[in-house]
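S.K.: Predicted model, plus sequence, below.
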Amino acid sequence: MGATLRALRALVLLAGFHLLGVLMLAALAAMDYALYLWTPSGLAVKLYVVSVLLAIPVVRGVFMLRTPKDDAPDGLPVAEADEPALWAAVRELAERVGTRAPAEIVLTADVNAAVAEDARLLGLIPGRRRLYLGVPLMQGLSEAQLRAVLAHELGHYSNADTRLAAIIVRGRAQVLRTIRHFEERAERTEGRERTRQEKKAARAAAKGKKARTVDTGGAGITYRAMARIYTAYAKLYFRATQSGSRRQEYAADAAAARIAGREATASALRELPVLDSAFGFYMSSYALLGADAGLLPPRGEVFGGFGRLLGARELELLPLRSRLPTGPVSPYDSHPPIADRVRRIEELPADGRTGEAKGAALSLLTDPGRTVTALEDAVLTQEALAFRRAADWQELLDHAMAARLAGDDTPLHRALALYTRQRPTLPALLRIIDEGRLWKVAQRLPLSDEAAAAKGRAFREFVRPALGQGLHRMVLADLGGRGLLRWEFSWSEAATVHLPPGPDGSGPDLPTAIDAALADRPDTRPLRALLPQLTEEPS
């Protein structure tokens, strides 16, 4: 479908929304007129009020004339003088795609690339263009793969996708806003009705009468009915526009394969879900590891460390490239399944372009280290920037784990506190185990209905895993408080903890000792023998 037909369809869908609003207002006006003719004036006035309240969200939706601003990601704008090689590559690819190059390039902290355009008159007049390019994406792609990604994004410009987005975004925003207004009014009406019934029930109970069950099923029903009408139109609108978005992705993929080559385009598409998953893992397990302790990695390492993780786990990530995400396709998805996109590219005839631009995409930046450092200042919140910086990753791990273990917030901690009415400590738990009262503590754990109904051995089997996790955590917290733990940082695998040696100088068999303490006939002697310091209160 050409740009003209797509623009016409977008305008028809937008006009359909306004027409629906006019029809709804006309129906309400007709109802008011019928009330005027055939309904007693007292009842008619009340229904007029309902009609006006129903009309307000319709009017607000129809006359929301301003297109919402782009929800643009935070990023680091880079001028051509700052990154000449990157700008040269973008300009060259834009020329080969046959489109106008962007006026701005903004580096972001996402595993993504995107384009936007400040088009005017609902996209009829072109506007200023911006390219958003994720630094984590550059850390994981080769230069050839990055060129394929950039060609894909620039292909959206040549297909007028970014200009027509203004019409589509406005229509989506208006219909969703109207639905939200009706739902909010329905919720307020239901809340008022619930409050009224609860007060009435309280008065009845105070007089010794049987209170009626609160039932708000009919409250806000007219608002919900109006919301359902607009929801039906929203489904039509989204199905039509998102199917167009999927075709645009296929067209942009074809442009990328033509410009950057079949192999580079297919391999870049395979890499995207891998990098997205790896970056999410990196941020939660590494970059933000010390956030609860008010600690950040060394300057430049919040995003810079991602490249080190990719290098260390290269073999681990290798199988993921062949296991592309598969799953049911929703008619409301804006992008086709990645597996289908890869299949289409790989079915293209071989073009012999297998040895082009094999260097790292990050090499297009003049000074990658300076860039990832500046990116922190551009995208991190002021609260995060105020955190203390660790001297290195090992210090970050040590402080983060100490803070995490000191949290005392496991189900066992809470159960022990409820049972003893005191601060939960490991020595106190060991005494309770020795006295045979552990299972009374276990009764205060969060239990499923099946576990709560179990007795004897069955109950102990239900609660033993939670007890084991909590006891292990308490042992580590106690040792950490005494400065007896040593954590080992690693890019290639999970951090490992080293416990103090046992009395004979060998490494303690902590899992076996915990199992003995939680056995049907509990025995804490192996645990005490391995870690005699546990009987002392930490200083």
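M.R.: Yes, it's here. Numbering: from 1, shown residues only.

S.K.: which stretches of the stretch 401-539 of the chain aren't confidently modelled?
M.R.: 502-508, 531-539 (pLDDT under 70).

S.K.: need the strands for it, in chain order.
M.R.: Ranges of strands within the stretch 401-539 of the chain are 486-488, 496-498, based on DSSP state E, counting those that start in this stretch.

S.K.: Check the chain too.
M.R.: 76-77, 104-108, 113-120, 125-134, 295-296, 388-389, 486-488, 496-498 (DSSP state E).

S.K.: most neighbours per residue, which of the strands of the stretch 401-539 of the chain?
M.R.: For the strands of the stretch 401-539 of the chain, the stretch with the most neighbours on average is strand 486-488, a mean of 14; neighbours defined as mean count of other C-beta atoms under 10 Å. (C-beta placed from N, C-alpha, C; glycine too.)

S.K.: any residues touching that one, and which ones?
M.R.: 394, 397-398, 401, 495-498 (C-beta atoms under 8 Å, 6 or more residues apart in numbering).

S.K.: Now flag whichever of these is closest to residue 186.
M.R.: residue 401 (47.8 Å; C-beta to C-beta).

S.K.: now that closest one, nearest residue through space, not along the chain?
M.R.: Nearest residue to residue 401 in three dimensions, chain neighbours excluded: residue 487, at 5.5 Å (C-beta to C-beta, 6 or more residues apart in numbering).

S.K.: Just grab the bridge partners of the one you found for me.
M.R.: residue 497 (DSSP bridges).

S.K.: picking up where we left off before, using CSV, please lay out the strands of the stretch 401-539 of the chain together with distance to residue 130.
M.R.: Shown next, in CSV, are those (distance: least, C-beta to C-beta, whole Å):
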stretch, distance to residue 130
strand 486-488, 43
strand 496-498, 45
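
S.K.: Looking at the ones you listed, which is nearest to residue 209?
M.R.: strand 496-498 (62.6 Å).

S.K.: Mind checking the strands of the stretch 401-539 of the chain for the one nearest to residue 206?
M.R.: Across these, closest to residue 206 is strand 496-498 (C-beta to C-beta), at 59.0 Å.

S.K.: mean confidence score for stretch 201-213?
M.R.: Taken as a whole, stretch 201-213 carries a mean pLDDT of 75.

S.K.: contacts for that stretch?
M.R.: 197, 200, 214.

S.K.: let's see it at 7 Å
M.R.: residue 214 (C-beta atoms under 7 Å, 6 or more residues apart in numbering).

S.K.: Now it: buried residues?
M.R.: Residues residue 201 are the ones in stretch 201-213 that count as buried (16 or more other C-beta atoms under 10 Å).

S.K.: what's around residue 325, how many residues?
M.R.: For residue 325, the neighbour count with other C-beta atoms under 10 Å is 12.

S.K.: Just to check, residue 219 is in contact with residue 193?
M.R.: Yes: Residue 219 lies in contact with residue 193 (C-beta atoms under 7 Å); the separation is 3.8 Å.

S.K.: any idea how far the most centrally placed residue in the chain is from residue 138?
M.R.: What sits nearest the mean C-alpha location of the chain, by C-alpha atoms, centre = their mean, is residue 280, with 9.2 Å. Distance from residue 280 to residue 138, counting by C-beta to C-beta, to the nearest Å: 17 Å.

S.K.: Also residue 116?
M.R.: Distance from residue 116 to residue 138, by C-beta to C-beta: 19 Å.

S.K.: Pick out whichever of these two has more residues nearby.
M.R.: More crowded of residue 116 and residue 138, by other C-beta under 10 Å: residue 138, with 27 against 19.

S.K.: Who's the closest spatial neighbour of that one, skipping the chain neighbours?
M.R.: residue 361 is the one closest to residue 138 (C-beta to C-beta, 6+ apart), at 4.3 Å.

S.K.: Check residue 176 too.
M.R.: In space, residue 176 is closest to residue 234, 6.7 Å off (C-beta to C-beta, 6+ apart).

S.K.: Surely the one you found and residue 175 touch.
M.R.: Yes: taking contacts as C-beta under 7 Å, residue 234 lies within contact range of residue 175: 4.8 Å.

S.K.: who has more neighbours, these two?
M.R.: Using other C-beta under 10 Å, the more surrounded residue of residue 234 and residue 175 is residue 175, with 25 against 20.
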